[in-house]
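Asker: show me how the following folds:
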Amino acid sequence: MKKKSYLLGSVLVLALFARGLANNQLAYAEDSQTESSQVTTVVDTGDTNSLEAGEEVTTPSSMALDYLPATLQGTWENDYESDGISYNVRLIVSNTGLFIRIKTDDQDSIDDIKVGNISQLAEGVYGFDVTSAYSQLNDVAIIGGVDYSQLKGLVLEDGKLYLQFASDFSADNWSKDSAFSSIDLSNVDYKTIDFPKELVGTWQTTVSWGGNQDVLETYVISKDGKVSKRFVDQKAGIDLSEDMTLSKVQQVGDNLYRLVDPEGSFLEAGIGGYGIQYQEGFYLDGDVMKIALWSSSEFDKMTYDNPTFGSEFKRVSADEQTTEQQNQSDSNTQRSTTSSSNQTPSNTQTSSSPSSTQSSSSTTKKEGKTTNLPSTGERASILGVVGLVILVGVGLYLVKKKKDS
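Answerer: Sure, this is the predicted structure:
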């Protein structure tokens, strides 16, 4: 009877151990499936932004624009005849409208059209509303019999610009009656070079400003093209300063240079005028420098045969002195920059600390999750181990019992 009891107990312990192992494997499999499902869910969420196979992308029939596109901008020209009179029309298209000049042999007129509510109706086809016209605002008669305030749009095709006036103008219904060709008014006749280093130095002159007879003008020009201008008359209480930068020039005559894309004005005073373009430069001959200015209509190519000269400056210091002043300024700037840089690591360390803490916290959280995943399996494994220990104990007891008997 005792042997049967021992046998029954052993079977019971083995069953308990097997059940523990099975539960452990089942719990691990369930946890693994949960993680896999989570990964799959993330991937599926990302895929919802993708287009289904065969799905077509649709675009609106027209697209609103803030400005006229760069492909339309530039200078355009058209020659035509009407009632035996020859007309030359030039357009300057900007991002906000059209500046127009109509010219005959003995007269000309201009109009300035501003546009809004711009839209692209199709490739190269643009519609808009005219918001203002110079001719209407100033009651100016435009020669040529064309009312440019009635413009409805522009069409660009095969390098030609077509003006559209019809009220039923659309992407599929537009005219080629008014065709303009692009023209180049840039200074292609002169080579662009670095500004001459002979210009570097300090230049001064004394001039009269509106009754003030002793205005001292000083131009300090450094090797990197930075120009510091100062105008002082202590008696009149005048002390003005202005900075600009020059880098490239075109030599357009003997000792005569035109500035190319300067940052600021090289002139001594301001200028203005409607429909007029200006270009700045200088005359340089040894220790003598003169400010030069050219002007022309915005619709014509600039020529450089008749400049207007400003004051005549004399060089009062050589290259070396100006360079030393510039180096001193650069040294001060560098010390300031170095001082700021020395404080940067501390700020960087402070700002990076929360990020490090966050990363550490995130890692700890991950580890905790990983440890807790097979918790059910761990409990089953403990039961299995306990069962094994009991089984071994029962076996040892039976062996001992047999020896004693």
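Asker: is it true that residue 265 touches residue 279?
Answerer: No. Taking C-beta atoms under 8 Å as the definition, residue 265 is not a contact partner of residue 279, at 11.4 Å. Any C-beta I mention is one placed from the backbone N, CA and C, and that applies to glycine too.
Asker: what is in contact with the two at once?
Answerer: Common contacts of residue 265 and residue 279 (C-beta atoms under 8 Å, 6 or more residues apart in numbering): none found.
Asker: the stretch 51-200 of the chain: strands as residue ranges?
Answerer: Assigned by DSSP state E, counting those that start in this stretch, the stretch 51-200 of the chain shows strands spanning 63-65, 74-82, 85-93, 97-103, 108-122, 125-133, 153-157, 160-164, 179-183, 192-194.
Asker: can you list these in TSV and add distance to residue 249, mean neighbour count and mean pLDDT?
Answerer: What follows is the strands of the stretch 51-200 of the chain, written out as TSV (distance: least, C-beta to C-beta, whole Å; neighbours: other C-beta atoms under 10 Å; pLDDT from 0 to 100):
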stretch	distance to residue 249	mean neighbour count	mean pLDDT
strand 63-65	37	12	95
strand 74-82	24	15	94
strand 85-93	25	19	95
strand 97-103	28	21	96
strand 108-122	31	18	96
strand 125-133	38	18	97
strand 153-157	34	21	97
strand 160-164	33	20	97
strand 179-183	25	15	96
strand 192-194	6	12	91
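Asker: for these, give me a markdown table that also has distance to residue 235.
Answerer: Formatted as a markdown table, these follow (distance: least, C-beta to C-beta, whole Å):
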| stretch | distance to residue 235 |
| --- | --- |
| strand 63-65 | 56 |
| strand 74-82 | 48 |
| strand 85-93 | 46 |
| strand 97-103 | 45 |
| strand 108-122 | 44 |
| strand 125-133 | 47 |
| strand 153-157 | 57 |
| strand 160-164 | 57 |
| strand 179-183 | 52 |
| strand 192-194 | 40 |
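Asker: and these: which comes nearest residue 253?
Answerer: strand 192-194 (14.0 Å; C-beta to C-beta).
Asker: list the neighbouring strands of that closest one plus their orientation.
Answerer: Strand pairing for strand 192-194, using DSSP bridges, gives strand 248-253 (antiparallel).
Asker: what residues of the strand it pairs with count as buried?
Answerer: Neighbour counts over strand 248-253 (16 or more other C-beta atoms under 10 Å) mark 249-252 as buried.
Asker: returning to what we had before: among the strands of the stretch 51-200 of the chain, which is nearest residue 219?
Answerer: With respect to residue 219, and counting by C-beta to C-beta, the nearest of these is strand 192-194 at 18.4 Å.
Asker: C-terminal to that closest one, what's the next element?
Answerer: Downstream of strand 192-194, the next assigned helix or strand under DSSP states H and E is strand 201-209.
Asker: which other helices and strands does that following strand contact?
Answerer: Here strand 201-209 touches strand 212-221, strand 308-317, helix 319-372, going by 3 or more C-beta pairs under 8 Å, 6 or more residues apart in numbering; DSSP states H and E.
Asker: quick check: mean pLDDT of the last one?
Answerer: Translated: helix 319-372. Averaged across helix 319-372, the pLDDT comes to 40.
Asker: start at 838 instead
Answerer: Sure thing, new numbering starts at 838, so read that last one as helix 1156-1209.
Asker: go through the strands of the stretch 888-1037 of the chain and name the closest to residue 1042.
Answerer: Nearest to residue 1042, of all those, is strand 1029-1031, at 25.3 Å by C-beta to C-beta.
Asker: what does the closest one contact?
Answerer: Defining contact as C-beta under 8 Å, 6+ apart, one finds that strand 1029-1031 is touched by 1084-1088, 1097.
Asker: ditto for stretch 1006-1016
Answerer: With C-beta under 8 Å, 6+ apart, stretch 1006-1016 has contacts from 898-899, 915, 958-959, 962, 964, 989-990, 992, 997-1003.
Asker: and if you look at stretch 1134-1151?
Answerer: Outside stretch 1134-1151, the residues within contact range by C-beta under 8 Å, 6+ apart are 912, 927, 929, 936, 938, 1022, 1024, 1040-1042, 1044, 1054, 1056, 1089-1090, 1093, 1095, 1104-1105, 1112-1114, 1116, 1118, 1120, 1124-1133.
Asker: ok, now stretch 935-946?
Answerer: Contacts to stretch 935-946, defined as C-beta under 8 Å, 6+ apart, come from residues 922-929, 947-950, 952, 972, 977-981, 983, 985, 988, 1112, 1134-1136.
Asker: repeat that for stretch 1067-1082.
Answerer: If you take C-beta under 8 Å, 6+ apart as the criterion, stretch 1067-1082 is touched by 1046, 1049, 1051-1055, 1057, 1062-1066, 1099-1103, 1105.
Asker: show me which of these are buried.
Answerer: Neighbour counting over the contacts of stretch 1067-1082 (16+ other C-beta under 10 Å) leaves 1052, 1054-1055, 1057, 1062-1066, 1099, 1102-1103, 1105 as the buried ones.
Asker: farthest-apart pair in the residues you listed, please.
Answerer: Based on C-beta to C-beta, the longest span within the buried ones among the contacts of stretch 1067-1082 runs between 1052 and 1062 and measures 25.1 Å.
Asker: count of residues packed around residue 1121?
Answerer: 20 (other C-beta atoms under 10 Å).
Asker: and it, what element?
Answerer: strand 1113-1122.
Asker: just send the contacts of strand 1029-1031 back as a markdown table, with pLDDT and distance to residue 1014 too.
Answerer: Rendered in a markdown table, the data for the contacts of strand 1029-1031 read as follows (pLDDT from 0 to 100; distance: C-beta to C-beta, whole Å):
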| residue | pLDDT | distance to residue 1014 |
| --- | --- | --- |
| 1084 | 90 | 45 |
| 1085 | 93 | 42 |
| 1086 | 94 | 44 |
| 1087 | 94 | 40 |
| 1088 | 94 | 45 |
| 1097 | 93 | 39 |
